[in-house]
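# Provided below are the primary sequence and the corresponding predicted coordinates.
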Amino acid sequence: RGGAAGAAGSGDEIAACGSMATSEEEVGAGVAQQLVIRSRAGGVEVLKAARDVGEAVELEFDERFSGFGDRTLVAVSEDGQWIGTNGGGKAIEVASTSEARRLTIGDDSSDVERFSFSPLGSYLVTWQRPDARRFPEGSLRVWSLEAGEEAAGEEAKVGRATRSFHCKQLKKGGLASTLAWSADERVCLHGVTNTVRVLTKECEDGTAHAIRCEDFQQMAVSPCPEAPYGVALFVPELKARPASVKIVTYPPAAGGDGVVCQKSFFRAQDVTLRWSPGGHGVLVQTHTDVDATGGSYYGGSGLYLLQARPSKPGEAALDCLVPLPKEGPIADARWEPTKGREFVVIAGTVPPVAALYNLEAQPTFSFGAAHRNTIAWAPHGRFLALAGFGNMAGDVDFWDRHKKKKLGSTNVPTAVAYGWAPDSRTFMTATLAPRMNVDNAVRVYRYDGSGPVALSTARQPLFECAWIPRPAALFPDRPASPASKARAKLLPDKPDKPKAYVPPAARGRGSALADQIRADREGQLGAGGKTAAVGAIPGMAPPAESRNKKRRDNQRRRKEQADAAAELAAATAAVTQEPEAPVELAHDDLLKKQKNLKKKLKQVAELRAKVDAGLDPSPDQRDKLDRAAALEADLADVETRLANLSELFPSRDLLLRERETPSEPHRRRFCFGKNEPLAPRLRGPPRESRRPLPPESESPQSTAAFAPDAGPSNRAAGRALARPRRLKRASSPETMIDIRVIYDQ
């Protein structure tokens with residue numbers, strides 16, 4: 001609002017904290033710079049900056065703008081000539097910023113929900129909820145402010161609208177996408193379903209031309225004040241159809257449809273269309289609610305550049321994807337405000353990177369990586385502010401674009417609104433409600449970040465704040481002034497940073513733990529750095545150290561040196577050791593590798609057959625044929641290693657045969673895992689087979705049944721293990737035997 005994006009500044013009693021003008025600022029000092037604010041206590045108010053050369057700046061209330069205490073909506077024309085207010089159950093009132101003059105817009109405009117001014121401030125557009133009884137001709141109405149100026153007296157009334165349109169719902173871009181003028185107000189564009197109607201200045205159907213565009217949702221008119229006029233139209237995604245943006249010119253070239261450039265892309269639910277101030281091109285910033293790559297919780301974004309006119313005669317207009325300085329979401333993208341041949345982009349994961357681009361979407365300068373997400377150009381295009389507002393800490397960097405030099409930095413916590421003054425010499429930030437319901441304040445900084453030179457906390461709560469724009473030609477474009485000692489003295493002292501809490505017992509000894517330990521240690525040392533004896537008389541020299549203590553200290557020192565030498569020798573030996581042999585691949589890995597090699601050789605054989613049949617191979621296919629010998633060698637090596645492993649591990653068929661035909665007296669159970677070699681799971685005999693040793697009087701045959709080497713020829717042993725029997729208790733009850741099968745690979 002007010003032409004400066006998010007401009008800020010307000011206050012009832014604003015104390016000047018520093019110098020805002022030098023001897024070089026006499027030019028343009030007669031032009032008043034004003035602020036419009038809205039608060040709960042004062043309503044809509046206007047502040048005037050009274051500047052004295054070499055003195056401080058004071059913001060005073062302009063008494064001509066009183067009586068707006070109950071207004072809730074504010075709009076400012078682009079040239080700063082008019083201020084419109086609405087709310088409080090009253091009709092819209094439009095006040096002139098240069099004269100003590102007011103215009104009342106109609107009697108039925110008290111419930112207006114949206115209103116805005118034309119580019120030159122000649123017309124006012126209002127929109128209300130459709131009502132066939134109250135607005136039979138339509139609820140989107142155009143009011144001529146020139147007719148109100150012709151009325152006599154300080155307070156005049158515009159009783160009848162110039163033109164009305166039926167509009168049930170505004171386009172997605174608001175009033176600017178529904179009814180908009182060209183920069184010189186010679187042409188008016190009215191967006192309806194699938195068509196953009198081209199009207200005369202007075203919104204009359206003077207021409208029959210219409211721009212046809214199916215399902216367009218948003219439009220933006222070029223700010224270029226010369227014909228042909230450009231219009232950017234956005235068509236959203238629909239089922240499998242991609243979204244698109246195209247630039248159409250009016251009047252079109254002879255025999256053409258007027259389409260200069262068009263770009264189609266997916267993943268674009270919403271777009272922001274930003275025209276270059278010179279009408280050279282459009283920056284299209286796309287956004288989706290869900291990031292398909294999963295890289296951000298805030299959705300996906302993209303940035304495209306569409307040129308409205310080709311860079312060189314005879315060439316096609318450029319439409320391309322802007323290469324980002326860092327991969328990640330796009331925080332902001334803004335054109336340079338004077339000629340519009342350069343733009344700045346902040347993009348990437350935290351911390352993002354800011355870069356300067358030319359009209360060909362080529363990066364020319366990088367501002368570096370920092371926690372920044374906001375771009376604010378000064379009206380003259382010389383100074384640039386890169387800020388980290390919102391969910392960031394509020395750091396702001398000020399740059400000189402011409403010199404590519406950083407002028408200074410500052411920190412503005414909890415800033416909601418911001419903006420440059422019309423003379424490009426001051427930058428303002430404000431903390432507003434309802435984002436922040438406490439500590440609402442306005443701060444004014446110099447172009448190099450020094451300050452704040454003005455601070456106001458009078459209006460609580462503060463809802464809106466904006467600079468009233470003025471043409472940049474009224475103020476000179478001056479470079480940065482040299483640092484002044486007198487200005488530095490007038491600047492307020494920076495408040496000390498809050499320090500960490502220190503307990504009373506630790507105060508005066510340093511806040512760090514090391515300082516406290518050092519102070520305690522120094523308190524126990526006496527004269528000459530020697531430890532004083534406990535309970536020693538003050539001023540008396542400490543007693544001499546004993547010889548035993550000195551000997552123990554020397555022994556401890558020698559031991560520490562020996563340990564250090566041993567550790568060094570061990571570390572050196574570990575470094576000089578030979579590297580370990582490479583780990584051999586497992587059985588399953590070799591099988592996978594064998595399968596992949598056979599697959600590749602099969603593809604090579606098929607390709608060779610096609611070549612023999614007359615196929616002309618590509619360079620990649622020739623390389624594939626040349627690798628056939630290497631693949632065969634690798635396959636032979638893998639098969640050799642598999643054969644060596646088969647000697648250590650039995651095959652699946654052999655193990656299954658041994659399981660079906662038990663040739664040994666003990667039982668075997670095998671486990672064939674998916675990723676395990678074919679090896680048996682070793683288990684011992686059941687608990688019933690554990691028996692005490694037989695007495696010595698037993699026969700040798702009974703003892704042989706418990707021997708691990710008992711073969712199948714010993715039938716008694718086989719029966720004993722197959723059907724365990726209770727034997728006689730051994731003479732020694734502690735003597736037990738546990739028979740287990742030992743499987744040796």
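Right, received. Where do you want to start?
# what's residue 91 in contact with, if anything?
By Cβ atoms under 8 Å, 6 or more residues apart in numbering, residue 91 lies in contact with 104, 105, 106, 107, 108, 109, 110. From N, CA and C alone the C-beta is placed, and that goes for glycine too.
# element containing it, please.
strand 90-96 (DSSP states H and E).
# Tell me which helix or strand comes right after that strand.
Note on strand 90-96: by DSSP H and E, the next helix or strand toward the C-terminus is strand 102-105.
# And the contacts of whichever helix or strand comes after that following strand?
Downstream of strand 102-105, the first helix or strand assigned by DSSP H and E is strand 114-117. Strand 114-117 has contacts (Cβ under 8 Å, 6+ apart) with 73, 75-78, 82, 84, 86, 92, 123-127, 170, 174-176.
# So for strand 114-117, mean pLDDT?
In this model, strand 114-117 carries a mean pLDDT of 90.
# Tell me the strands beside the following helix or strand past that strand, with direction?
Using DSSP H and E, the helix or strand that follows strand 114-117 in sequence is strand 123-127. Here strand 123-127 is paired, per DSSP bridges, with strand 114-117 (antiparallel), strand 140-144 (antiparallel).
# looking at these, which is buried most?
strand 140-144 (a mean of 23; mean count of other Cβ atoms under 10 Å).
# Any idea how many residues pack against residue 280?
21 (other Cβ atoms under 10 Å).
# same check, this time on residue 380
Residue 380: 20 neighbours (other Cβ under 10 Å).
# I'd say it and residue 472 touch.
Yes. In this structure residue 380 lies within contact range of residue 472 using Cβ atoms under 8 Å: 5.6 Å.
# hmm, back to that, which among the strands paired with strand 123-127 is found nearest to residue 629?
strand 114-117 (76.6 Å; Cβ to Cβ).
# Dump that closest one to CSV, keeping only the CA atoms.
Extracted C-alpha coordinates of strand 114-117, given in CSV (Å, rounded to 0.1, in the frame of the first residue of the first chain):
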residue,chain,number,x,y,z
ARG,A,114,-12.1,-3.1,-1.8
PHE,A,115,-11.1,0.2,-3.4
SER,A,116,-8.1,1.5,-5.2
PHE,A,117,-6.9,4.4,-7.4
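# Hmm, residue 413 is touching residue 395, no?
No. Contact criterion Cβ under 8 Å: residue 413 and residue 395 do not qualify, at 9.6 Å.
# Comparing these two, which shows the higher neighbour count?
Ranked by neighbour count (other Cβ under 10 Å), residue 413 and residue 395 place residue 395 first, with 18 against 13.
# so what's the more buried one up against?
370, 371, 372, 387, 388, 409, 410, 411.
# Show the buried residues in those.
For the contacts of residue 395, a neighbour count by 16 or more other Cβ atoms under 10 Å gives the buried set as 370, 372, 387, 388, 410.
# Confidence-wise, which helix or strand of this protein is lowest on average?
strand 15-16 (a mean of 37; mean pLDDT, DSSP states H and E).
# packing partners for the helix or strand just after that one?
With elements assigned by DSSP H and E, the helix or strand that comes after strand 15-16 is strand 33-39. For strand 33-39, the packing partners by 3 or more Cβ pairs under 8 Å, 6 or more residues apart in numbering; DSSP states H and E come out as strand 43-51, strand 73-76, strand 462-467.
# check contacts around residue 607.
Contacts for residue 607 were tallied using Cβ under 8 Å, 6+ apart; they are 617, 621, 624, 625.
# Which parts of the chain are helices?
For the chain, the helices defined by DSSP state H occupy 145-149, 485-490, 513-523, 547-575, 587-612, 619-626, 628-648, 652-660, 700-704, 715-722.
# What mean pLDDT does the second one get?
Pointing back at helix 485-490 there. Mean predicted confidence for helix 485-490 is 55.
# any weak-confidence spans in the stretch 101-250 of the chain?
147-155, 159, 202-208 (pLDDT under 70).
# Tell me the spacing between residue 340 and residue 604.
Relative to residue 604, residue 340 is positioned 59 Å away (Cβ to Cβ, to the nearest Å).
# related to what we said a few turns ago, need the buried ones among the contacts of residue 395 in a markdown table (columns: distance to residue 644).
Shown next, in a markdown table, are these (distance: Cβ to Cβ, whole Å):
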| residue | distance to residue 644 |
| --- | --- |
| 370 | 61 |
| 372 | 63 |
| 387 | 69 |
| 388 | 64 |
| 410 | 73 |
